[in-house]
Structure formats: C-alpha cells, structure tokens
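Chemist: I would like to see how this sequence folds:
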Amino acid sequence: MTAIPTELDDKKLQELEEKFDPEMRFRPVVPPALQIVKWLLIALSCFHFYTAGFGLLRETTHRGVHLAFVLGLIFLVFAAGKKAYEHPRANSWLNPGGVPLVDWLLGLACAASVLYIPYVFDDLAFRVGNPDRSDVVFGSILFLTLLEATRRSMGWPLPLIAIGFTLYALFGSHFPGLLKHAGASWSQMINHQYLTSQGIYGVAVGVVATYVFHFVLFGVMATRIGLGQLFLDIASSVAGRQAGGPAKVSVFGSAMFGTLSGSSVANAVTVGSLTIPAMIRVGYRREFAAAVEAASSTGGQITPPVLGAAAFLMIEFLNVSYQTIIAAAVVPAFMHFFGVYMQVHFEAKRYGLRGLTDEEMPKLKESLRQRWPTLIPLVLLIAILVSGRTPYLAAFAGITSCAIVGLTTQVRGNNAKNWGLMIGLHALLAVICFANLGQQSEWIKLGLFGVGTAVALAGWKLAGITGRIGHGVLVEAFETGAKYALAVGAAAATVGIVIGVVTLTGVGFKISFIITNWATMIASGLSYVVPEYFASTKGLTLFAALVMTGVVCILMGCGIPTTANYIIMVTVAAPTLVQLGVEPLVAHFFVFYYGVLADITPPVALAAYAAAGMAGSDPFKTGNMAFRLGLAKVLVPFVFVFSPSLLLVAKGFTWYDFSITFTGCILGIVALAAALSKFFLVEMKRWEQALCFVAALLLIAPGLIVTLIGAGLLVPILVRQLAARKLGLARAAPA
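Modeler: Numbers count the residues shown, from 1 in each chain. All right, here's what the predicted structure looks like:
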C-alpha cells in the first residue's frame, strides 16, 4: 500500500495559494520589476518588524508608510484586467519589467498622495474643515486610485459599496424620508475622508498596520520552520486511527493550524493538501472531503491566540485588551470545531469508513524529537500576550524566535553549539521583551538586538552551524508575509471610506432606527404564535434584529472579505443590537462570527472553492456542504447573545449560567449533527430527524427549563436507536 503524503511542501503550498486565492495571484513580471517588487515586499516586512520591536512611529506617519507601500505595490503586482495574467508583457520602455508604464505612474501617484498627509501633518490642524486646493487634489488622487487598487486586488463588490456610500454622501438631499440629509460637496467629503482620522486613515488601516501584519508574518514564519507540520502530526496521532480518521485529522489539524494563521484560504490549502487526498482515499465523497476542510479552515479566524484581523479591530473599537478577546473566543471556537467533528464522525459511522493504517500514519515520537523546538515561538508569543504587553511586541518576539529556531536548530542531530546559540539568543530576546530598560528603552533594545544579531552571525560562521531553514527561506518568508498584507491593506482603507460616510452623514443611527422598527413589527407578529412563557416581546424583537443582521452579514460576505464585512456591519448594525440591550463585546462577536461565514457561503466561498479545487469537486456543492458542516457557527452566536456567559468575560458571567448553556450547546450540537447526517447509532428515520432538529434548537436555547424539554425529546430517539442497534448486532452475530 502506498503511503499517503504526510509532509508539507512550502513551494507546493505557495503554488496552491496563488492558484486558489485571488488575493495571492500576482501577474508575471520580469527584471527589473521582479527585483523591485521582491525588495519592496521585504522592505515592508522589515519596516513592520522593526517598529513592532523598537517603537511605532507617529500614528499618521506609521499608517502613511504602510499604505504607501501597500497601495503602490498593488499597481505593480495586480493587473488591470485578466488578460495580463494569461499573456504577460515583454520588457520595453512602455512596459518596464513587464508592467505598463501607466501602472508605474499610478503606483507613484498613489504613494505620493498617501505620504502627503504625514508631510503636511503639522499644518493640518489649521485647515481641517477648510482644505486648500492641494489637499483636494491629493485627496482626490488617493480616493480614485484606492478604489482602483481595491478592485484589482479583490474585485468589484467592495469598491461598489464604497461608491454607493459616497454617492449617498454627495446627493443625500435627493434621498427619501429618514435617509435624507443636507448632502456634502466634493471638497467637504475629501476633507473628512482624507484630512481626518475618520476616513481612509482611520482605525481599520491603523489596526492592519499595527497588529494584523505582524501576526500574519508570524504565521508564515512559524509554518516555514515546521510548526504547522508538527501540529498536523499531533492531529494525526490523536484522530488518525478513528473511523473516518483523515477527516477528523482535518478538523484537529485546522484547529491547531488556526492558532498560527488567521486566513481561511491559507489554512485550507496548507492542511487540505494532506488531508483531502487522504479523505478521498478512505471513502469520503469528494464534495464532503473538500467541505470538511473548508468548514474547519474557517475556524482559523476565530481560534486564539492569533485569530483573524477582525479580532484586532475589536481591541480598538471596544477599547479592551487582547487577552479579553482571546478569552471570549475560546468556547465559541470550540463549539465550531466540535460541530464539524460530530458531523464527520456520524458520516464515517454511517458509511463504515476506516481510519489511517500504521503505514499511513506519521511517526509522532520522531516528529516531536525533530520539531519540538518549533513550539518555542508560540509559547513565547502567548506568554508575552498573557503578561499584558502589546500584541505587536508579542508578534515581534514570535517572529524573532522563529528566525532563531529556524537558523540554529537542525532537523536531525542537534549539537551543543546549536543549542548554546539558540538558548543564548532567546535569553537576550527575553531581556529585550520583558525587562524594564529605562527611558531610552528603544535605543537600548535596538543596541542589544544588534549585538545579538552580530553574535549570531559570527557564531554561524565560526561554528559552521546549519539550521532547519537557510537565510534564503527567511527572506522568502518576509516576502510572502508582505504579500498577504496587500489586499487586506487596500480593503481596510476602502472600508475607511464607508466609515467616513457614516460619521459624516449620521446614517448609522438612521439604519439602526429602521432595523429596530422592522424588528418590532416582526416581533409583534411572532408574539401571536410564540407563548410569552418561551419568549417575551423584547426577546422576540432582539431575535428578529439578530436574524436580519445575520442575513445581511452573510449577503455582504458573498462579495467582500471578512474584515471589511465586520467593519461595515459594526458601523451600521452593531449599534442597533447595543440599543436592544446587547453588551458591545457580544454584539461585535455576533457580527464577527457571521462575517466569517462568508468564506463558506456560496456563491463567493473562497475557502470552499480552494478546497474544491484540490479535491476536484463541484465548487457550489462543496460550498453548500461546508455551510451545512458549519451550522454550529450559525447557531452559537444566537446562544451567546441570549446567554453572554458563554463568552467567559462578558458582564454578568456566572458559572451556573455557563454550565447550563455549555451543556445544552454540546447536546444540541450532537443532536443537530445526527439529524443532518441522518445517523446516530443506526440510520435515522424521518420522524427521528425532525424530532432531533426540534430538540437541538431547544437544547441550544439558553435556560434550564427549555434545555430539559429538549433533552426529554431525545429520549424516544435514543431508546429506538439503542433497540435498533441491538437488533442489528443480534442479526449480524453468528448462529
């Protein structure tokens, strides 16, 4: 029997990401553009790495440098149309490096308009509200080039939304009823969007430039040194031999890999490259195999400690610590993976699918012996986060530790010289991150870091040390990490336009009023069929508002990425939930979870399509199946809205409420998985499925009485299933 591949191939993974993720698909270029793009990407990573460890620049300057790199690079690496990807241009004076001259000029114009604000920042206080001609000109250039950069990097949906909001700001006097406002001139709009921190230079760009980039780079570095491979080996040892083992490895592996990567597509490609072929081989349908990986991979955005970009935005919007976000995310993330796991389990039992054999299993002891040092960066990152220091300092330590481990430890045969250098450099890193180095700490830290780098280079040269990665891999990781930042950076800036319109026109309050009125009307209708004992009118109103918010999140997620979806919905919908009595942290998590569903919601389910491409399955069927597998993620947000104790750090937390809600969720998810899989102990009958659905909804609904009613409905199903299994075993037994 030929063994199923169990080793990740970094080069192959990059090719898969470029194939299935449009945000990573760069047009082919030739020298000198090839070298220019490469070193600009590396410079972008170096800039963020330096500022994370040795002090951020002034807010406007930091965001300006980040945006100038990101938007300028987009015009070099993303073509205006699809033909340029299929038919690359030759090097000429009209196409330097295979890039049209107009794209070079657009990139320079965009970068110049971004850097104009930091350049004139000291004078802006005297003319905000009364921009001069140069302000309007540069602002207009940035506004138009930003929309084009976003279109190139992620398609039309988000730019069209931004254009729609802009038209509303300009022509508000022509809108009917409650949506009508005085309207703004082009100059007034550019002033608000460009010269203030309420628009393009707002919190979204700040979070990407301050937090998100660093953790993306950490995830790439950790994968390169072998931590992702170690996680997959551990997942295989835990679940590989169980029924339908490869699918369960996919769930466990995606959960563990999600601690490194906040990207659903990167998670699907990395883990799926190993698990999808194995799932197909043991008997899973291609659509189901791809859907398992897609549904599991979306959990990467909700799995601590890294989470997705939206988690870092919560820090700024809610003014809470990152530790609070991590603690709140733990239980809902577990519920998501548990829901996928149970459906996988019932599917395997229903069709009698096998687990992995010993020949197909990785050798865990050997993997741990070779790769356990790769855990050091993750442990260090979590330790710094828990200590209360800034997330970007934690990311700096994690990235540096990855480099130390990768360059000083060997895959086989570690010796004293390697260990001595690795321990010494980590001790120096701990001093830089944890010690109080006085008022001149940035300079002292930089000096210590420089000394450590010099010692390391001398040690490598004199001792002849070779590590698990070379310097070339380190440089490539910095280049790849920057690639991930381009599309999300453009999206963050474009979402700033939407936020700017909301703050300029006050439309957010009007939308909240409209949603509340609609929710009240729906609740009045439901009150005739739902007894007051089960739900009050206030509860029904909140439920209706949640349903409308969730539907809008899913619809918007069909065209725009999670982060942009989250920001827009937090701006226009979350205030409605807060007005209805939902705690802000809970409201933000609700919107966040429904935004993440975009990656498995057809017709634009990127994670599902990436997995379908690797499985050779129908993308639309895969997306529908992935959505079914992710139904726990659909229901759990409603649970923690009505019982915030599930988030652990929400106000009013009690262990009693948490115990009742947690137990009900576990039982409800099992019942829901059984109903969807048509199997529990044996094949289910139609009435059992229907009763399971009802029981699942009652079990998941918070409250002891409702939970007990739901549990009671499961009793006849369990009795019938036990009897049927016993009868089946008796018939199968030899005479």
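
Chemist: okay, CA-based contacts and neighbour counts for the rest of this
Modeler: OK.

Chemist: Was I right to think residue 150 contacts residue 488?
Modeler: No. In this structure, residue 150 is not within contact of residue 488 by C-alpha atoms under 8 Å, at 9.1 Å.

Chemist: which ones are touching residue 317?
Modeler: Listed by C-alpha atoms under 8 Å, 6 or more residues apart in numbering, the contact set of residue 317 is empty.

Chemist: tell me the SS of it?
Modeler: helix (DSSP: H, G, I helix; E, B strand; the rest coil).

Chemist: quick one, longest helix in the protein?
Modeler: Criterion DSSP state H: the longest helix present in the chain is helix 471-505.

Chemist: what about residue 517, neighbour count?
Modeler: Using other C-alpha atoms under 10 Å, residue 517 has 14 neighbouring residues.

Chemist: Quick one: distance of the host helix or strand of it to the chain centre.
Modeler: Using DSSP states H and E, residue 517 maps to helix 507-526. Centroid separation between helix 507-526 and its chain, computed with C-alpha atoms, centre = their mean, to the nearest Å, is 30 Å.

Chemist: For that helix, name the packing helices and strands.
Modeler: With contacts defined as 3 or more C-alpha pairs under 8 Å, 6 or more residues apart in numbering; DSSP states H and E, helix 507-526 has these neighbours: helix 537-557, helix 562-572, helix 574-579.

Chemist: any weak-confidence spans in the stretch 401-550 of the chain?
Modeler: Regions of the stretch 401-550 of the chain meeting the criterion pLDDT under 70 cover residues 411-417, 435-443, 445-446, 455-457, 459-468, 532-535.

Chemist: right, and residue 203 touches residue 318 too?
Modeler: No. With contact defined as C-alpha under 8 Å, residue 203 and residue 318 do not form a contacting pair (11.7 Å).

Chemist: The two: which is more packed in?
Modeler: A count of neighbours by other C-alpha under 10 Å puts residue 203 above the other of residue 203 and residue 318, at 22 against 12.

Chemist: how close does that one get to residue 95?
Modeler: Per C-alpha to C-alpha, to the nearest Å, residue 203 is found 36 Å from residue 95.

Chemist: Just after the helix or strand hosting residue 371, pick out the following helix or strand.
Modeler: Taking DSSP H and E as the criterion, residue 371 maps to helix 364-371. For helix 364-371, the following helix or strand on the C-terminal side (DSSP H and E) is helix 375-386.

Chemist: now the angle between helix 364-371 and that next one, please.
Modeler: Orientation note: helix 375-386 sits at an angle of 70 degrees relative to helix 364-371 (axes from the mean of the first three to the mean of the last three C-alpha atoms, to 10 degrees).

Chemist: and whichever helix or strand comes after helix 375-386, what does it pack onto?
Modeler: With elements assigned by DSSP H and E, the helix or strand that comes after helix 375-386 is helix 391-408. Contact partners of helix 391-408 among helices and strands, from 3+ C-alpha pairs under 8 Å, 6+ apart: helix 33-54, helix 213-224, helix 375-386, helix 416-434.

Chemist: Centre of the chain to helix 391-408, how far?
Modeler: Mean C-alpha position of helix 391-408 versus that of the full chain (C-alpha atoms, centre = their mean) differs by 21 Å.

Chemist: let's number from 757 now, not from 1
Modeler: Noted, 757 is the first residue going forward, which turns the last one into helix 1147-1164.

Chemist: Could you list the residues in contact with that helix?
Modeler: When contacts are defined by C-alpha under 8 Å, 6+ apart, helix 1147-1164 is touched by residues 805, 808-809, 966-967, 970-971, 973-974, 977-978, 981, 1078, 1129-1130, 1132-1134, 1136-1138, 1140-1141, 1174-1175, 1177-1178, 1181-1182, 1185, 1189, 1221-1227, 1230.

Chemist: Would you list the buried entries among those residues?
Modeler: Buried members of these, counted by 16 or more other C-alpha atoms under 10 Å: 805, 808-809, 966-967, 970-971, 973-974, 977-978, 981, 1078, 1129-1130, 1132-1134, 1136-1138, 1140-1141, 1174, 1177-1178, 1181-1182, 1185, 1189, 1221-1225, 1230.

Chemist: Packing partners of the longest helix of the chain?
Modeler: Secondary structure elements in contact with helix 1227-1261, counted by 3+ C-alpha pairs under 8 Å, 6+ apart, are helix 789-810, helix 815-833, helix 889-910, helix 913-926, helix 942-950, helix 959-963, helix 969-980, helix 1318-1328.

Chemist: re the thing from before, now the helix holding residue 1273 against helix 1227-1261, angle please.
Modeler: Between helix 1263-1282 and helix 1227-1261, the angle comes out at 80 degrees (the same axes, to 10 degrees).

Chemist: Give me the residues contacting helix 1263-1282.
Modeler: Residues from elsewhere that reach helix 1263-1282 (C-alpha under 8 Å, 6+ apart): 934-935, 1257-1258, 1293-1294, 1296-1298, 1300-1301, 1304, 1327-1329, 1331-1332.

Chemist: quick one, it and helix 913-926 angle?
Modeler: For the pair helix 1263-1282 and helix 913-926, the angle between their directions (the same axes, to 10 degrees) equals 100 degrees.

Chemist: Show me which residues of helix 1263-1282 are buried.
Modeler: With burial defined by 16+ other C-alpha under 10 Å, the residues of helix 1263-1282 counted as buried are 1263-1269, 1271-1272, 1274-1276, 1278-1279, 1282.

Chemist: what's the closest non-adjacent residue to residue 1420?
Modeler: In space, and not counting its chain neighbours, residue 1420 is closest to residue 1455: 4.8 Å by C-alpha to C-alpha, 6 or more residues apart in numbering.

Chemist: ok, the one you found - contacts?
Modeler: The neighbourhood of residue 1455, defined by C-alpha under 8 Å, 6+ apart, consists of 1420, 1421, 1423, 1424, 1462, 1463, 1464, 1465, 1466, 1467.

Chemist: does the first one belong to a helix or a strand, and which?
Modeler: Element membership for residue 1420, per DSSP H and E: helix 1411-1433.
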